[in-house]
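Q: Sharing a model that was predicted from the sequence below.
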Amino acid sequence: MSLHRLFPLFERARAADEALVLATVFRTGGSTYAKPGAQMLIAANGEYAGLLSGGCLEGDLREHASEVARSGEARIVSYDLRSTTDQLFGLGAGCEGAMDILLTRVSPAEHWQPLARMAESFRAGDALPMAFVVATRTAAAPLGTTFTGADAVSRASTAGVELFATTQSPPPRILLLGGGPDAQPVATLAAFVGWRTTVVDHRAAYLVAERFPAGCELLEARADAVAAAVALDRYAAAIVMSHHLDSDLAYLRMLARSAVPYVGLLGPAARREKLLADLGADAALLRPRLRAPIGLDIGGRAPESIALSIVGEVHAVLAGRGGRPFSEVRAADAS
């Protein structure tokens, strides 16, 4: 879930002391746009952040959310759009799935929890276990009660309570080794999907904050000094794109001796083979993780298209997917 989309609305509402409603999908059936754990925020004026459908449910959810914001009492809203007439609730959604969604108020009365804790953990890059009470027979833990932290489930385990337990995963960290013009669209797309990006280059002229999205970490360092300046074990992927043969060789040698699970290299196959030959024995350490030429074959040649192919491949690998068209994927594998 792209939690970074929720936080700007949260910060504006908190600054204005205006209540929000957090919508959390906790159960689904059939084909649905969102899966359990997906969340969106709904403001008192109807503005919302995040999506739980392609836009077909959000309007109805806003009506329910206005009552939750007023009363402070959580509620569950259920949609079953598997009707063959596709007219259930008058939504005409055609999604052929069912969803149960928990609506809970987040306001000064709730000390802005759990959103305050969620935002803190997300920005720190930490995982956050959470448990939501979705059915209860005890006043000690009413519907919508939320517990966060490593002991969330144990603290919530009260007789007569049904829980939805989930973990907010930290955003992936991506290392761009090279900050030239074609690194800009990669960093922009990475920020758009909520990844944390560090850009490394030995050329200070490229490391100008205005060239990259807000929050992008910029580091000036020689290629052979990066391992001492960067904690490589924090990164899910590294993309080598300096366009400088000696620098790329140093980057690849460093990555070969690291545990970074995805290593991408920009450039043609002949360049890859030359660099691997120059790596010597280190090449065997790198080959199982190396994607070179980097990216999916989408036919683009412009920097923006290349960036799209790169981010698409990294996204697929991190999600454990092959990057194939959905039309070629079995329904059971596409869920």
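A: Great, that's in hand.
Q: Distance of V317 relative to G323?
A: From V317 across to G323, the span is 8 Å (CB to CB, to the nearest Å). Where you see a C-beta, it was placed from the backbone N, CA and C, and this is true even at glycine.
Q: Low-confidence bits of the stretch 1-150 of the chain, can you list those?
A: Residue ranges of the stretch 1-150 of the chain with pLDDT under 70: 1, 83-96.
Q: let's go with 90 and repeat that
A: Applying pLDDT under 90 to the stretch 1-150 of the chain flags residues 1-4, 30-34, 44-46, 51-60, 80-98, 123-125, 138-140, 150.
Q: And the strands in it?
A: Assigned strands in the stretch 1-150 of the chain, in chain order: 20-30, 39-43, 48-49, 75-80, 97-106, 128-136, 146-148 (criterion: DSSP state E, counting those that start in this stretch).
Q: Contacts for the last one, please.
A: I take that to be strand 146-148. For strand 146-148, the surrounding residues in contact (CB atoms under 8 Å, 6 or more residues apart in numbering) are 104, 113-114, 117-118, 128-133, 153, 155-156.
Q: Report the rounded mean pLDDT for the helix or strand following it.
A: Sequence-wise, the next helix or strand downstream of strand 146-148 (DSSP states H and E) is helix 152-156. The predicted model gives helix 152-156 an average pLDDT of 81.
Q: contact partners of helix 152-156?
A: P129, M130, A131, V133, A141, T145, F147, G149, L163, A165.
Q: Kindly recompute the last result at 10 Å.
A: 114, 128-133, 141, 145-149, 163-167 (CB atoms under 10 Å, 6 or more residues apart in numbering).
Q: Number of residues surrounding the residue lying closest to A229 once chain neighbours are set aside?
A: The shortest distance from A229 to any non-neighbouring residue, by CB to CB, 6 or more residues apart in numbering, is to A221 (5.0 Å). A total of 16 residues lie near A221 under the criterion other CB atoms under 10 Å.
Q: pLDDT score for A221?
A: Reported pLDDT for A221: 95.
Q: Just name the most buried of the strands of the stretch 1-150 of the chain.
A: strand 39-43 (a mean of 23; mean count of other CB atoms under 10 Å).
Q: Just the C-alphas of that one, formatted as PDB.
A: Only the C-alpha atoms of strand 39-43 are listed here, as PDB (Å, rounded to 0.1, in the frame of the first residue of the first chain):
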ATOM      1  CA  GLN A  39      -6.000   1.800   3.700                       C
ATOM      2  CA  MET A  40      -7.300   5.200   2.800                       C
ATOM      3  CA  LEU A  41      -8.100   8.400   4.600                       C
ATOM      4  CA  ILE A  42     -11.300  10.400   4.400                       C
ATOM      5  CA  ALA A  43     -11.500  14.000   5.600                       C
END
